[in-house]
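> Okay, sequence plus prediction incoming.
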Number of protein chains: 2
Amino acid sequence: MLREIERAAWELFGTVGFDRATVEEISRNAGVSRRTFFRYYRTKEQLLSFSVEHFGERVAQRFAAAPKSRKPLAALEDAVLSELKEGMKDLRQPKEMLGLMFEEPNLRGRFLCALSRWVPALSKELAKRKAYRGDAARCDLVAALYCTAFDQAHLRWYRDGNLDLPTHIKRAFRQLRETNGPDCSR
Amino acid sequence: MLREIERAAWELFGTVGFDRATVEEISRNAGVSRRTFFRYYRTKEQLLSFSVEHFGERVAQRFAAAPKSRKPLAALEDAVLSELKEGMKDLRQPKEMLGLMFEEPNLRGRFLCALSRWVPALSKELAKRKAYRGDAARCDLVAALYCTAFDQAHLRWYRDGNLDLPTHIKRAFRQLRETNGPDCSR
DNA sequence: ATAAAAACGGCACTCTGTGCCATAATTTGC
DNA sequence: GCAAATTATGGCACAGAGTGCCGTTTTTAT
């Protein structure tokens, strides 16, 4: 049922755009009532942010399960990349989804908000591994920075998609770690 | 008139919260019609993101005006801090505003979205100064990272505000540049 | 088979946001 | 000054999002 609603929604989003796709019509095409739609999804935007939120949870789980011998930032990168590989499989139209996320200001906000909700879980894992001596505030910051790098990698992939997404992500993470590199030190 | 609407809005937000403050009542308290409200602000949320968006523009201006002898990341930090000092003066209740931005998911999204709109202007300035050899993608990333550090500094300031905001920001920027430091290298 | 529980649909309602048109205020040209 | 044009405002009606309530259908358990 949930799958059916999402299918109908994406079909409409693709043809008439996000704003002009009414919940009324999505529901009708999915064979449920409008009221039922709102039982599954609190808002129309949530159709989109659902998968983003879940993705973050699963990354955090993978991160937590990584061997303690692995360095914290490396383990975090591993978790993102492996979950990405796994999670992309059951995404119908990843590029179309991302496109809406970047173009529609409403959705962009939702996306970033969902992204920022990953921070606590990731930060906690960093702290457990004694990254930055377990300084919670610093782990929060670094978790947030990785989320931003993740977002920017997606943006680049979406805008000029010659390389594949994991490559963009690896590059962004590496560049994050080299922010204060020789080309641009204080 | 604009000032009057904002005043009325903040008064209501403070007493009944953001969601329960209807445009109807804000407008009435400001002595203006509901229709006029929507002529000034495209949405209710925009009441809040306005100032955020303008802040970014002014930071970019200051950045552009900085002497070329200053290192790019240092000049960026200068611009943020000096604009912060100037801009906080005519903000009525900065902490209350930030509070709503962090607590209300709707507003959090708007805030982050407004923040991410700073990236192009900041990135362009970084590129002009030949940061990272003028690599546009990399400048985008770094600009976004600084925005995130800015956000996290605000969050910390809001959550446990013993130190003042500029101190939090300086610390966050420094920690960003030391992401790959000795405590947490790969 | 039947009772309890969960899912669903319909309806009415509030609120946001918009289009349209009439009216009041302000600016501009003379 | 004054008339015309421009601009700001208000009123109204409307579509869509989201919610509360209640009755009905479908599942599930016993």
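Arrived safely.
> right, and the helix or strand after the helix ranked longest in chain A?
The helix that spans the most residues within chain A, counting by DSSP state H, is helix A:136-159. Using DSSP states H and E, the helix or strand that follows helix A:136-159 in sequence is helix A:165-177.
> Now do the buried residues in stretch A:13-30.
A:F13, A:F18, A:A21, A:V23, A:I26, A:S27, A:N29, A:A30 (16 or more other CB atoms under 10 Å in any protein chain shown). Just so you know, the C-beta spots here come from the backbone N, C-alpha and C atoms, and that holds for glycine as well.
> Let me know the closest of the residues you listed to B:E53.
Minimum distance to B:E53 across those is 22.0 Å, recorded for A:F18 (CB to CB).
> In chain A, which residue sits nearest DNA strand D?
Using CB to the nearest atom of the strand, the closest approach of chain A to DNA strand D is made by A:T43 at 3.1 Å.
> and that residue, which of the three is it?
Following DSSP: H, G, I helix; E, B strand; the rest coil, the label given to A:T43 is coil.
> what number of residues lie near it?
Residues lying near A:T43 (other CB atoms under 10 Å in any protein chain shown) number 13.
> Residue of chain A nearest chain B, please.
Across chain A, the shortest distance to chain B (CB to the nearest CB) belongs to A:G109, at 3.0 Å.
> shouldn't that residue be in contact with B:L107?
No - taking contacts as CB atoms under 8 Å, A:G109 lies outside contact range of B:L107: 9.0 Å.
> Report the central residue of chain A.
Against the mean C-alpha coordinate of chain A, by CA atoms, centre = their mean, the closest residue is A:V52 at 4.2 Å.
> so it sits right up against A:L115, yeah?
Yes - using CB under 8 Å, A:V52 is in contact with A:L115, at 6.6 Å.
> May I ask which helix or strand encompasses the residue nearest to the centre of chain A?
helix A:46-65.
> Okay, now the unreliable bits of chain A?
Scanning chain A for pLDDT under 70 picks out A:90-92, A:181-186.
> Which residues of it lie near DNA strand D?
By the rule CB under 7 Å from any atom of the strand, the part of chain A lying against DNA strand D is A:A21, A:T22, A:V23, A:E24, A:R34, A:R35, A:F38, A:R42, A:T43, A:K44, A:E45.
> Return the residues in contact with the last one.
The neighbours of A:E45, taking CB atoms under 8 Å, 6 or more residues apart in numbering or on different chains as the test, are A:N106, A:L107, A:R110.
> what would the residues you listed look like in CSV with distance to B:A8 and neighbour count?
Output for those, formatted as CSV (distance: CB to CB, whole Å; neighbours: other CB atoms under 10 Å in any protein chain shown):
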residue, distance to B:A8, neighbour count
A:N106, 25, 20
A:L107, 30, 22
A:R110, 28, 28
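> List the ones among these that fall in strands.
Here DSSP state E is the test, and the contacts of A:E45 give no hits in strands at all.
> want to throw those residues into TSV with distance to B:Q61?
Formatted as TSV, these follow (distance: CB to CB, whole Å):
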residue	distance to B:Q61
A:N106	28
A:L107	29
A:R110	30
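> Of the residues you listed, which is the nearest to DNA strand C?
If you rank the contacts of A:E45 by distance to DNA strand C using CB to the nearest atom of the strand, A:N106 comes first, at 9.2 Å.
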